[in-house]
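S.K.: Sequence and predicted structure, then a few things I'm wondering about:
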Amino acid sequence: MAASSTVVCGQMVTAPALANTTSNLRCSKLIGAASPSLAAFRTRTSQVVRCEAGNDRAGGLREAVDQATKKTITKDDILRNQETNESEKKSVFGTEPTSGSLYPRPEVERRPETGDKSFTGLFAFDGAAPETINGRLAMVGLVWAFLAEKATGLTVFEQLYTPGQTGLVFFVGAVQLFTYASLVPIMNGESTDARSFGPFTARAERWNGRLAMIGFLSLVVTEMFRHAPVFH
């Protein structure tokens, strides 16, 4: 009488045990009387078969990163800051935030955690997207301008519009990449204030971005009058 057994996810299970199991794993291979030959079995199993047992490694890594770098901002936290922070009681133009208005909106309505996540809401004047994206692009632009001007001796405009230069292509690609990468978490209800890792805090990014925007604009204006690169 030919004995038979089944390999279930790399474990040998006898026929009686197999009859009692209720596992739904479908990576079994029959060995014994039902198999043509051991050589054929080895040929068929030469490829690695992964048995998914509910362990999502990517999900586990994401959870670990979230625990290390992300803090939860609740609606109560936002309302508390809205009531106590003097800068939230009026805009830069001295106007008091009004619910439902185009500008300025109360903090609870303009933040992606609790407010409007539509495209128009995120890209409004006081929305979460404009300053975040523009600040990141300005920081990248300053570094790119420094390295490119050192290497080529061309101004920012010359790198973008001189025939044969690829600056415009890289600029368009960088805008698309950073805009998409910044919008995905914001549309999922996460603001930049929720992330921090060591010195890389939301406050540091915000101020570095603002300074970079001023610096990049000053660089472009200066080169327009000088007709020469600043970093060369």
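M.R.: It's in.

S.K.: tell me the domain ranges of this structure?
M.R.: The chain breaks down by automatic domain parsing into domains covering 5-44, 128-226.

S.K.: Comparing those, which comes out most buried?
M.R.: domain 128-226 (a mean of 15; mean count of other CB atoms under 10 Å). Using the backbone N, CA and C atoms, a C-beta is placed for each residue, glycine as well.

S.K.: how far out from the middle of the chain is that one?
M.R.: Here domain 128-226 is found 16 Å from its chain centre; the criterion is CA atoms, centre = their mean, to the nearest Å.

S.K.: Pull up the distance across it, start to finish.
M.R.: Distances were taken as CA to CA, to the nearest Å; on that basis the terminal residues of domain 128-226 are 36 Å apart.

S.K.: can you tell me which residues contact the spatially most central residue of the chain?
M.R.: Against the mean C-alpha coordinate of the chain, by CA atoms, centre = their mean, the closest residue is Ala181 at 4.8 Å. The contact partners of Ala181, taken as CB atoms under 8 Å, 6 or more residues apart in numbering, number zero.

S.K.: Could you export the helix or strand containing it as CSV, CA atoms only?
M.R.: Element membership for Ala181, per DSSP states H and E: helix 167-187. Taking C-alpha atoms only, helix 167-187 is exported to CSV below (Å, rounded to 0.1, in the frame of the first residue of the first chain):
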residue,chain,number,x,y,z
GLY,A,167,17.2,72.6,-16.6
LEU,A,168,13.6,73.1,-17.7
VAL,A,169,12.9,69.4,-18.0
PHE,A,170,14.3,68.7,-14.5
PHE,A,171,12.3,71.6,-13.1
VAL,A,172,9.0,70.4,-14.5
GLY,A,173,9.8,66.9,-13.3
ALA,A,174,10.7,68.1,-9.8
VAL,A,175,7.5,70.2,-9.6
GLN,A,176,5.4,67.1,-10.5
LEU,A,177,7.2,64.8,-8.1
PHE,A,178,7.2,67.0,-5.0
THR,A,179,3.6,68.1,-5.6
TYR,A,180,2.3,64.5,-5.8
ALA,A,181,4.4,63.4,-2.8
SER,A,182,3.1,66.3,-0.7
LEU,A,183,-0.5,66.0,-1.7
VAL,A,184,-0.9,62.2,-1.0
PRO,A,185,-0.6,62.4,2.8
ILE,A,186,-2.5,65.8,2.9
MET,A,187,-5.4,64.3,1.1
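
S.K.: right, and the helix or strand after that helix?
M.R.: The helix or strand immediately downstream of helix 167-187 is helix 202-226, counting by DSSP H and E.

S.K.: ok, residues contacting that following helix?
M.R.: For helix 202-226, the external contacting residues (CB under 8 Å, 6+ apart) are 131-132, 134-136, 138-139, 141-142, 145, 155-157, 191-196, 229-230.

S.K.: Adding distance to Glu107 and mean pLDDT, write the domains of the chain out as a markdown table.
M.R.: Putting the domains of the chain into a markdown table (distance: least, CB to CB, whole Å; pLDDT from 0 to 100) gives the following:
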| stretch | distance to Glu107 | mean pLDDT |
| --- | --- | --- |
| domain 5-44 | 49 | 45 |
| domain 128-226 | 11 | 91 |
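
S.K.: Can you add distance to Lys89 and give those back as CSV?
M.R.: CSV is the format used below for the domains of the chain (distance: least, CB to CB, whole Å):
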stretch, distance to Lys89
domain 5-44, 59
domain 128-226, 19
